[in-house]
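> With the input below, show me the fold.
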Amino acid sequence: MIGHFFTMPPFLSNLRILLMGCIVCIYPLFSMGENSNAASDPDRVFFRDSLVYPSREKALETWTAASGPQCNSLLEATDRGLSLNDIHGDTYENANTQKALFLKKPVRPDRFWFKARIEGFQPVSIFAQCGLVVWNDQDNYIRHTIGFDPPAREALSEFSGKVISRGLFRIYPRTNPQKTFLKLEIMERSVRAFVSDDGEYWFVPGGFSLPRKKTARDFIKGIGILGVGGDMAGKPVFSEWEEGAPGVYQDDDFSGQSLNPQWMLGQTNSGWGRDQVRFEQKNGKLSIHPFSGSDIYLGKENYPFASIPAPRGGDWEIEVKIAGFDPRSPGKWNKGGVVLWWGNRHYAILSLVKDEDSDQIYFESLVMGAKSHFFGSIRTEGFASREKTDAFFRIGKKEGKAFLLRASYDRNHWFDLGKYQIELDEPQVRLFSSGDIQIQYPDEFSFDVQFDYIRKIDGGEKANQP
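Numbers count the residues shown, from 1 in each chain. Next up is the predicted model:
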């Protein structure tokens with residue numbers, strides 16, 4: 001069987017010095033070259049609009065000025081797409097002076113994503129920005145924008161007049177990109193933001209939970225484009241509008257010649273060291289080779305991963321098997337395992353860890369966002385000599401928002417690594433590897449983790465069933 005390699009592009013490997021905080025880079029397998037399978041695109045597109053209209057009047061049959069018809073003149077129809085000719089004013093807490101805000105009805109009421117391409121935007125004012133918006137009213141919305149001076153990107157929400165920002169992340173190089181793709185994913189009670197400079201490599205500033213007792217169906221009055229914040233030297237042009245359905249969970253034994261297109265390959269913290277990362281599916285295993293200096297810990301995300309949506313519905317349990325973990329590979333605190341991830345403040349991790357200082361390996365659970373824990377929780381079990389190469393992990397959703405974490409070396413004897421109440425609204429399941437956190441072996445870091453399968457466990461299956 002031929003193995004298919006996917007290597008991070010080296011020209012983006014120096015972002016470590018410029019983008020701070022937890023920002024995630026994701027790139028879908030189906031868009032990566034000859035081995036892709038676009039017909040199986042998990043992000044199924046069900047609506048497309050080039051945003052090229054013969055006139056403003058024709059565009060306004062679809063797009064409505066949220067601030068009233070007196071703002072219709074701010075929308076321009078060009079041969080490349082829709083443009084905004086004035087972005088003065090803002091919607092931010094008490095500053096409800098927005099003008100350039102145009103909305104349409106979503107094709108579906110929830111569980112969908114929408115995205116658009118933006119080009120030509122050159123902000124002058126420090127807070128000048130443009131992007132996408134999920135709109136309820138001027139005190140309740142989620143927006144995802146690029147712009148600013150110096151150039152940056154931001155995901156921000158306002159609920160009942162209170163603003164929550166997921167970080168103002170500086171763009172590298174320090175110029176606005178010629179084109180940008182923005183995407184917002186709407187689940188039943190949450191919204192996630194994505195941004196890309198080329199439509200293939202996606203950064204995720206974070207996500208937002210909708211106000212308590214609100215669902216997307218209740219909250220969304222429209223989705224659209226906006227520009228706020230002041231002066232600009234180049235007008236933004238919006239094009240390539242799409243709306244689609246998120247992917248769904250599937251079991252996988254990694255037996256094919258290439259990864260199932262439901263998977264997305266990615267890396268957190270914008271991806272410094274990305275040129276060292278490799279993903280390979282070969283001989284029924286998925287291998288993830290991390291970069292030297294990668295890690296995941298309390299408040300720290302800096303690792304490569306393959307992700308798939310978690311199962312939906314009520315109670316469920318998934319099992320992941322690691323079939324290759326070399327505990328003798330060089331590197332301090334090498335890890336491999338599974339992450340249940342909703343955002344950079346809400347996740348649960350099960351991992352196999354190599355402790356180089358004590359010549360042992362052990363299981364570790366790490367939880368962020370659990371109730372009754374101020375910052376996070378860490379638990380270790382199953383200390384053993386560095387001889388094991390296989391590991392089994394189980395994460396189960398029980399009783400609504402309770403998550404049960406377990407691990408085993410042989411699938412007969414299980415270690416309990418905690419039961420936690422966590423707000424994880426339709427999370428991702430991530431398979432990951434990381435290591436050499438002190439960057440002792442940057443030129444010879446050969447550690448990788450091989451995953452054998454991921455599958456749902458039937459409710460009647462016992463934990464020790466072979």
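
> Would you mark the buried spots in stretch 418-431?
Of the residues in stretch 418-431, those scored as buried under the neighbour-count criterion (16 or more other C-beta atoms under 10 Å) are 418, 420, 422-431. Where you see a C-beta, it was placed from the backbone N, CA and C, and this is true even at glycine.

> Oh, that last question was meant for stretch 53-71, not what I typed.
For stretch 53-71, burial by neighbour count (16+ other C-beta under 10 Å) applies to 53, 59-60, 63-67, 71.

> can you check stretch 99-115 too?
Counting neighbours by 16+ other C-beta under 10 Å, stretch 99-115 gives 99-104, 106, 108, 112-115 as buried.

> what's the first-to-last distance across it?
End-to-end distance of stretch 99-115 (C-alpha to C-alpha, to the nearest Å): 21 Å.

> what about it, average pLDDT?
Taken as a whole, stretch 99-115 has a mean pLDDT of 95.

> one step back: distance to residue 254 for the buried residues of stretch 418-431 - can I get that in JSON lines?
Written out in JSON lines, the entries for the buried residues of stretch 418-431 read as follows (distance: C-beta to C-beta, whole Å):
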{"residue": "418", "distance to residue 254": "28"}
{"residue": "420", "distance to residue 254": "29"}
{"residue": "422", "distance to residue 254": "28"}
{"residue": "423", "distance to residue 254": "31"}
{"residue": "424", "distance to residue 254": "25"}
{"residue": "425", "distance to residue 254": "28"}
{"residue": "426", "distance to residue 254": "24"}
{"residue": "427", "distance to residue 254": "21"}
{"residue": "428", "distance to residue 254": "18"}
{"residue": "429", "distance to residue 254": "14"}
{"residue": "430", "distance to residue 254": "15"}
{"residue": "431", "distance to residue 254": "10"}
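
> ok, so of these, who is nearest residue 308?
Ranked by distance to residue 308 (C-beta to C-beta), the buried residues of stretch 418-431 are led by residue 429 at 5.3 Å.

> ok, back up a step: which two in the buried residues of stretch 99-115 are spaced the farthest apart?
99 and 108 (28.4 Å).

> Can you pull the poorly scored residue ranges out of the stretch 201-350 of the chain?
Within the stretch 201-350 of the chain, the stretches falling below the threshold (pLDDT under 70) are 201, 269-272, 274.

> Where do the strands of the stretch 151-300 of the chain begin and end?
For the stretch 151-300 of the chain, strands defined by DSSP state E, counting those that start in this stretch occupy the ranges 152-159, 162-170, 179-186, 190-196, 202-209, 222-228, 232-234, 237-245, 264-268, 278-282, 285-289, 295-297, 300-302.

> which other residues reach the strand or helix carrying residue 305?
Here residue 305, judged by DSSP states H and E, is contained in strand 304-309. Strand 304-309 is contacted from outside by 8, 26, 246-250, 252, 259, 262-268, 274, 277, 279, 286, 288, 290-291, 294, 339, 341, 426, 428-434, 454, using C-beta atoms under 8 Å, 6 or more residues apart in numbering.

> Just the buried subset of those residues, written out for ChimeraX, thanks.
Here is the ChimeraX command that picks out the buried ones among those, judged by 16+ other C-beta under 10 Å:
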select :8,26,246,247,249,250,252,259,262,263,264,265,266,267,268,274,277,279,286,288,290,291,294,339,341,426,428,429,430,431,432,433,434,454
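
> can I assume residue 350 is in contact with residue 395?
Yes: Residue 350 lies in contact with residue 395 (C-beta atoms under 8 Å); the separation is 6.4 Å.

> Find the residues that touch each one of these two.
Both residue 350 and residue 395 are in contact with 338, 405, where contact means C-beta under 8 Å, 6+ apart.

> Which residue ranges make up the domains of this protein?
Recorded structural domains for the chain (assignment: automatic domain parsing) are 4-18+248-456, 43-245.

> picking up where we left off before, identify the farthest-apart pair in the buried residues of stretch 53-71.
53 and 67 (20.2 Å).

> how close does the closest residue to residue 149 other than its chain neighbours sit to residue 194?
Using C-beta to C-beta, 6 or more residues apart in numbering and skipping residues adjacent in sequence, the residue nearest residue 149 is residue 126, 4.9 Å away. Computed as C-beta to C-beta, to the nearest Å, the residue 126 to residue 194 distance reads 24 Å.

> Can you pick out the residue with more neighbours from the two?
In this comparison of residue 126 against residue 194, neighbours counted by other C-beta atoms under 10 Å, the higher total goes to residue 194 at 20 against 14.

> My guess is the more buried one contacts residue 182. True?
Yes: contact criterion C-beta under 8 Å: residue 194 and residue 182 qualify, at 7.3 Å.
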